[in-house]
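1. Fold the following, please.
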Amino acid sequence: MQLLVNTTRQVEVAGPALADAHRAVGRCLAGPIAQALPLESVEIQHVVGASEGVGVRPGHEPIILAVMRAGLFVAEGIWSCVPAGALVPHQDGESLGSIPAQGRTVIVVDSVINTGRSIRRLLEMLRPAGAQSIVVSALVAYGPTLETLVAEYADVTFNIARVSQRSYVGSGSTDTGARLFGTTTWAGELG
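-> Numbering: from 1, shown residues only. Presented below is the predicted three-dimensional model:
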């Protein structure tokens, strides 16, 4: 994991290469999530004919909420390993609308957790929605904020690739979203 995360931190890695690095981290973060999903035996077609496999129990397919915009590629990495799930892009400040969270695992995915503001808002909207379990996954989280969130939300699983002891809000060429989407020189991206 450390090697994968290191790639996401390198200044020369941006655009599609950075998005691929985020997806790779997401695939690694998916392992513990997938292990916790309720599975059942299903018939699959093997190269030698019908065989027994596993699938996510119907009605328990996970919902992957990608906090836009920088959380998208980590979420895609998780989704690629949990194909029974649904990927739902979420803009900060929007309602969750009609997301059918009841009885399902909901995975909230962001690239960076710094102040925890966005994650808190989503968790407060998800709690009354009846999710079976809630997981927060991120590429990096600021240590003191993560400690506070874990204490506030003891019923939530936090799945973080790297914990940083520096609080940092990027702008322009140092903003994760701008580096991912190639907008580091756009006027709206500059701090």
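
2. okay, the most centrally placed residue in the chain: pLDDT?
-> The chain has residue 109 as the residue nearest its centroid, 2.2 Å off, counting by Cα atoms, centre = their mean. pLDDT for residue 109: 97.

3. Hmm, it is touching residue 71, no?
-> Yes: when contacts are counted by Cβ atoms under 8 Å, residue 109 is listed as touching residue 71 (4.7 Å). C-beta coordinates here come from the backbone N, C-alpha and C atoms, glycine included.

4. Identify the contacts common to the two.
-> Listed as contacting both residue 109 and residue 71 by Cβ atoms under 8 Å, 6 or more residues apart in numbering are residue 138.

5. helix or strand for residue 178, which one?
-> helix 176-181 (DSSP states H and E).

6. which secondary structure elements does that helix contact?
-> Helix 176-181 sits against helix 15-35, strand 105-113, with contacts defined as 3 or more Cβ pairs under 8 Å, 6 or more residues apart in numbering; DSSP states H and E.

7. measure the residue nearest to residue 93 when sequence neighbours are not counted to residue 127 for me?
-> In this structure, residue 93 finds its nearest non-sequential neighbour in residue 121, 7.8 Å apart by Cβ to Cβ, 6 or more residues apart in numbering. Separation of residue 121 from residue 127 (Cβ to Cβ, to the nearest Å) stands at 11 Å.

8. and what of residue 85?
-> 20 Å.

9. what about those two, which has more around it?
-> Taking neighbours as other Cβ atoms under 10 Å, residue 85 and residue 127 compare with residue 85 leading, 24 against 14.

10. Residue 27 contacts residue 79, correct?
-> No: judged on Cβ under 8 Å, residue 27 makes no contact with residue 79 at a distance of 9.5 Å.

11. Next up, the contacts around residue 111.
-> Counting by Cβ under 8 Å, 6+ apart, residue 111 has contacts 22, 67, 70, 71, 73, 74, 138, 139, 140, 176, 177, 180.
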